[in-house]
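> Generate coordinates for the sequence data below:
(one chain, ligands or ions: 1)
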Amino acid sequence: MYRSRHKEDLDRRTLNFLSSIEIDDKILFYDILCSKAHVIMLYKIHILNKFEFATIVNGLDQILRNPERLVREGFEDIHEAVEAHLIGKIGVDIGGKIQTGRSRNDQIVTDIKIKARDDLISIIFHLINLIRLLLEKSEENLDSIMPLYTHLQQAQNGNLAHYLLSYSESLLRDVERLFSLYKRINQSPLGAGPIGGSLLPLDRKMTAKLLGFENIVSNTIDATSSRDFMIEFLSDISSIMITLSRCAEDLIIWSSEEFGFIEIDEKFTSTSSAMPQKKNPDPLEMIRSKTALVIGNLTSVMIILKALPSGYSRDLQDTKLSFWNSIDTVSLSLEIVTGIIASLVVNKDVMATASNASYATAFDVAEELVIRHKVPFRTAHKLVGALVAKAIQNKEEVPFKSLSNSDVKLILEKMKLSMPPAKVIHIIKDMTPQKSIANRRSEGSPNPRKQMKTIKKYRILLDNYHNQVQSKKKNIEYVQENIIAVINQIKTKANSSL
Ligand code: ARG
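As a prediction, the model looks like this:
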């Protein structure tokens, strides 16, 4: 339809190669919303009369009512398909006016942004749900003592709540990032034209307001060719996915027979075609692989953008698939991880056994020596290290239990330390995992009292975010209602003056 200077049609295979029509259905609704705002503005600046306005709007509504009737075959994209459909239905004299003062270049990026705004809000809701659940599960697992791992080796004792709170904290930062991104997405490119604006007295601020944008992207080159909001969004999505993937990795390891700390509900596991006993955590494994794909999408978009000359180039079209794929992936991943965590069985006794059988109290013992005997930490580290080595040499089952008075005395003498062996033994025996975490003083440590305060603080924060996102959602819902109301207002006037 656009080929005015061309004498020939686009080569068929080339058309398929360059058409985005297959994925554009995702923006059909947004494209029509954008067109409605545009024609309201054209009417208000007297480029369309009331009859033309109403005819175009009715044509657009018909497409929305029966989207399956829109012919997609043979078009480069949804914009061309919609305009061709309109012209087919209402004739070129009126239908041919919809693209007055507009190019696909400002149109597509506006569509992408209006959709991105909705997607962003829905991702924030998913995040809030998951974080709420993590807080609830944290509260339930303040007493689930378990070893904390560094290098996947037992490090210090903690509780399951501590891991769950760590994911909450990280995901809360993602919520913050998305809120901050919202402002940058919510700037209207519409009215920028192909690259350099228009001779017509377009009112860019009016369409921006109608579509619920906070402002306009001022420079018309920037408006039509920049996609940094996509990089930001994809990077935020990657950050969320990386957190989910690391959580998935923990859950996979802890659900193995060797650990047995948790059990994943059957609804979220697969089996083997060969080994009937298998209960495999495939969905969690795929959270890991999808994270790779999402990072790949961010990389693809950055590479597409990095060497584009200013102004629209068709390369930009290929950013859409990566962008929308990542949005779909993160939304589904958030829902699945939420389901898995909600139905997780926690084997508190297995975790406690692991902690009780661990030398993860070693750091606490060293610190206790620093506190009680004022020894330098390095000296305490050397002493506890020697005690651990000796206890392991004794091949004992319970950590430190085998150490006799004379074992400790010998080590103290070798290190030229004047502490009484009985006191050292007392510190060691007294340092149970429960006691160790109950006595942790540092902010953010797995001391259940401190954790409970954190949980309460995050709940308030979440309620706050929930209200904020709810009000953003309301503003967007108002956009649709308002556009309908404005259209009806104009139409009623139109009828009376016809
Ligand atoms: N389908 C195109 C896209 O998705 C729309 C813009 C095409 N503009 C152009 N000048 N060829 O980016």
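
> residues in contact with residue 287?
The contact partners of residue 287, taken as Cβ atoms under 8 Å, 6 or more residues apart in numbering, are 241, 244-245, 248, 333, 336-337. Where you see a C-beta, it was placed from the backbone N, CA and C, and this is true even at glycine.

> so where do the strands sit in the stretch 101-250 of the chain?
Using DSSP state E, counting those that start in this stretch, the strands found in the stretch 101-250 of the chain span residues 145-150, 153-159, 187-188, 215-216.

> Show me what counts as buried in the helix or strand that contains residue 329.
Assessed by DSSP states H and E, residue 329 sits inside helix 319-342. In terms of neighbour count (16 or more other Cβ atoms under 10 Å), helix 319-342 has its buried residues at 319-327, 329-331, 333-334, 336-341.

> just how off-centre is stretch 367-378 within its chain?
Averaging C-alpha coordinates over stretch 367-378 and over its chain gives two centres that are 44 Å apart (Cα atoms, centre = their mean, to the nearest Å).

> can you point me to the longest helix in the protein?
Assignment by DSSP state H gives helix 448-497 as the longest helix of the chain.

> Run through the neighbouring helices and strands of that helix.
For helix 448-497, the packing partners by 3 or more Cβ pairs under 8 Å, 6 or more residues apart in numbering; DSSP states H and E come out as helix 28-44, helix 50-65, helix 104-140, helix 160-185, helix 204-210, helix 433-438.

> would you turn the ones you listed into a markdown table with mean neighbour count and distance to the ligand?
Listed next are the helices and strands packed on helix 448-497 as a markdown table, based on neighbours: other Cβ atoms under 10 Å; distance: least, Cβ to the nearest ligand atom, whole Å:
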| stretch | mean neighbour count | distance to the ligand |
| --- | --- | --- |
| helix 28-44 | 23 | 10 |
| helix 50-65 | 18 | 17 |
| helix 104-140 | 21 | 4 |
| helix 160-185 | 19 | 17 |
| helix 204-210 | 21 | 18 |
| helix 433-438 | 18 | 55 |
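
> okay, those helices in TSV with distance to residue 287 next?
Listed next are the helices and strands packed on helix 448-497 as TSV, based on distance: least, Cβ to Cβ, whole Å:
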stretch	distance to residue 287
helix 28-44	29
helix 50-65	35
helix 104-140	12
helix 160-185	12
helix 204-210	38
helix 433-438	29
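
> Next up, the contacts around the residue in the stretch 301-450 of the chain that the ligand sits nearest to.
Taking Cβ to the nearest ligand atom as the measure, the stretch 301-450 of the chain has residue 317 as its residue closest to the ligand, at 3.6 Å. If a contact means Cβ under 8 Å, 6+ apart, then residue 317 has 18, 20, 77, 108 as its contacts.

> Show me those residues that map onto helices.
Among these, the members falling in helices are 18, 108 (criterion: DSSP H).

> Of the contacts of residue 317, which is the most crowded?
residue 108 (24 neighbours; other Cβ atoms under 10 Å).

> thinking it is in contact with residue 102, fair?
No. Residue 108 is not in contact with residue 102 according to Cβ atoms under 8 Å; the separation is 10.7 Å.

> re the thing from before, can you tell me which of the strands of the stretch 101-250 of the chain is nearest to residue 431?
Evaluated with Cβ to Cβ, the strands of the stretch 101-250 of the chain place strand 153-159 nearest to residue 431, the distance being 9.5 Å.

> gap between the closest one and the chain center?
Using Cα atoms, centre = their mean, we find the averaged C-alpha position of strand 153-159 to lie 29 Å away from the chain's own average C-alpha position.

> in it, what's buried?
Using 16+ other Cβ under 10 Å as the burial criterion, the residues of strand 153-159 that qualify are 154-159.

> Which residues are in contact with the residue lying closest to residue 329 once chain neighbours are set aside?
Distances taken as Cβ to Cβ, 6 or more residues apart in numbering put residue 290 closest to residue 329, at 5.1 Å, once the chain neighbours are dropped. Shown in contact with residue 290 (Cβ under 8 Å, 6+ apart): 241, 329, 333.

> Now do the contacts for the first one.
Looking back up the chat, that one is residue 241. Residues touching residue 241, when contacts are defined by Cβ under 8 Å, 6+ apart, comprise 287, 290-291, 294-295, 329-330, 333.

> In CSV, list those residues along with pLDDT and distance to the ligand.
Listed next are the contacts of residue 241 as CSV, based on pLDDT from 0 to 100; distance: Cβ to the nearest ligand atom, whole Å:
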residue, pLDDT, distance to the ligand
287, 98, 30
290, 98, 24
291, 98, 26
294, 98, 21
295, 98, 23
329, 98, 20
330, 98, 22
333, 98, 26
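
> Closest one of those to residue 435?
Relative to residue 435, and with distances defined as Cβ to Cβ, the nearest of those is residue 287, at 36.2 Å.

> which of the residues in the helix or strand harbouring that closest one are buried?
Under DSSP H and E, the secondary-structure element containing residue 287 is helix 282-306. For helix 282-306, the buried set under the neighbour-count rule, 16+ other Cβ under 10 Å, comprises 283-284, 286-288, 290-291, 294-295, 297-298, 300-302, 304-305.

> Run through the residues of the protein sitting next to the ligand.
Contact residues (Cβ under 6 Å from any ligand atom) of the chain with the ligand: 20, 77, 104-105, 108, 312, 314, 316-317, 320.
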